[in-house]
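*Asks:* please work out how this folds:
(one chain, ligands or ions: 1)
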Amino acid sequence: MRFDQKAPRYHEKADIQKIVADWGSEWIERDCGDLRALELGAGTGLFTRHLALRGFREFRATDLSSSMVQEGRHRLPLVDWGELDAWRCETDPVDRIYSSSLLQWALEPEDVLKNWRNALAAGGKVLVCLFVKGSLSEFADVDARFAAFPWRSESEWIARFEEAGFDVLRNETRSDLIAFDSPREALRSLHDIGAVEERRMSAAELRRFLRSCERGEESPFEVSWKAMKIECVRR
Ligand SMILES: C[S@@+](CC[C@H](N)C(=O)[O-])C[C@H]1O[C@@H](n2cnc3c(N)ncnc32)[C@H](O)[C@@H]1O
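*Replies:* Below you'll find the model as predicted:
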């Protein structure tokens with residue numbers, strides 16, 4: 001992923017991430033005045049802007065990328081921003097952990113979720129929005145090399161949370177289709193927000209790949225996204 005290089009453009013271009021952040025925010029508690037909260041992989045603040053309204057006793061929005069943190073701070077200057085590696089999550093204990101459009105990138109989610117659990121105080125909760133299997137299938141089904149990480153289904157994620165020491169309180173999924181003029185435009189939009197791995201195909205392979213994605217269909221080329229929101233409590 002190249003989020004660090006794309007930080008200035010991310011906020012305007014991240015259409016599906018914005019939809020998912022707004023949808024996930026419906027599950028943020030109303031009264032957070034007694035709670036200490038941490039957001040991981042906050043990016044430019046699409047989910048943060050909802051958290052910022054809840055009046056937490058303490059709230060810190062974090063990201064691994066210094067340019068994302070800089071963008072976030074610029075957009076939401078009243079929020080306390082900082083750099084933090086979400087996979088390790090080395091922090092003082094908090095009551096709530098939030099993340100949106102981050103966790104699907106974790107190559108070892110079991111370890112990550114155990115670290116999140118350990119960062120929570122007794123009774124602490126996580127609210128996570130992430131993309132699950134079925135997302136970008138128009139690309140991933142054509143060539144397995146397209147997927148930068150193994151897509152996991154809702155049930156696989158629920159099992160990961162439970163194995164890490166959480167009880168699942170509720171979960172829900174949604175499906176969206178985003179239309180583009182062509183597979184090339186769709187891929188460009190992923191590049192624009194940095195949601196791609198380092199180059200895995202040569203230019204010739206990429207051209208062949210995009211041609212096979214077209215499947216002779218007229219535009220628009222629709223790209224599937226499947227997102228899950230899940231709220232869990234530390235066991
Ligand atoms: C798709 S963006 C999501 C940003 C924001 N939460 C949103 O909903 O728009 C993923 C973010 O996770 C950050 N990220 C990736 N790996 C990370 C890690 N190990 N620790 C913290 N942040 C990470 C990236 O820098 C990027 O800002």
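*Asks:* now look at whichever strand or helix holds His50 and say if it contacts the ligand.
*Replies:* Using DSSP states H and E, His50 sits in helix 48-51. No. Using CB under 6 Å from any ligand atom, helix 48-51 never reaches the ligand; the gap is at least 7.5 Å. For every residue, glycine as well, the C-beta is placed using N, CA and C.
*Asks:* and whichever helix or strand comes after that helix, how far out from the chain's middle?
*Replies:* Sequence-wise, the next helix or strand downstream of helix 48-51 (DSSP H and E) is strand 58-63. Relative to its chain's centre, strand 58-63 lies at 16 Å (CA atoms, centre = their mean, to the nearest Å).
*Asks:* which residue, other than its chain neighbours, is closest to His11?
*Replies:* Thr44 (4.1 Å; CB to CB, 6 or more residues apart in numbering).
*Asks:* can you get me a residue count around the one you found?
*Replies:* Residues lying near Thr44 (other CB atoms under 10 Å) number 26.
*Asks:* before we move on, what SS does it have?
*Replies:* Three-state call for Thr44 (DSSP: H, G, I helix; E, B strand; the rest coil): coil.
*Asks:* swap in Val20?
*Replies:* Judged by three-state DSSP, the three-state class of Val20 is helix.
*Asks:* and what of Asp31?
*Replies:* coil.
*Asks:* how close does it get to Leu53?
*Replies:* Going from Asp31 to Leu53 by CB to CB, to the nearest Å gives 12 Å.
*Asks:* just Cys89 next, same as before
*Replies:* Distance, Cys89 to Leu53, using CB to CB: 24 Å.
*Asks:* which one of these two is surrounded by more residues?
*Replies:* For Cys89 versus Leu53, neighbours defined as other CB under 10 Å are more numerous around Cys89 (21 against 10).
*Asks:* tell me who's in contact with that one.
*Replies:* Leu40, Ile97, Val112, Asn115, Trp116, Asn118, Ala119 (CB atoms under 8 Å, 6 or more residues apart in numbering).
*Asks:* quickly check those residues for the two that are furthest apart.
*Replies:* Leu40 and Asn118 (13.6 Å; CB to CB).
*Asks:* who's more crowded, these two?
*Replies:* Counted by other CB under 10 Å, Leu40 and Asn118 do not tie: Leu40 has more neighbours, with 26 against 14.
*Asks:* pull the number of nearby residues for whichever residue of the chain sits closest to the ligand.
*Replies:* Residue nearest to the ligand within the chain: Gly43 (2.5 Å; CB to the nearest ligand atom). Gly43 is flanked by 27 other residues according to other CB under 10 Å.
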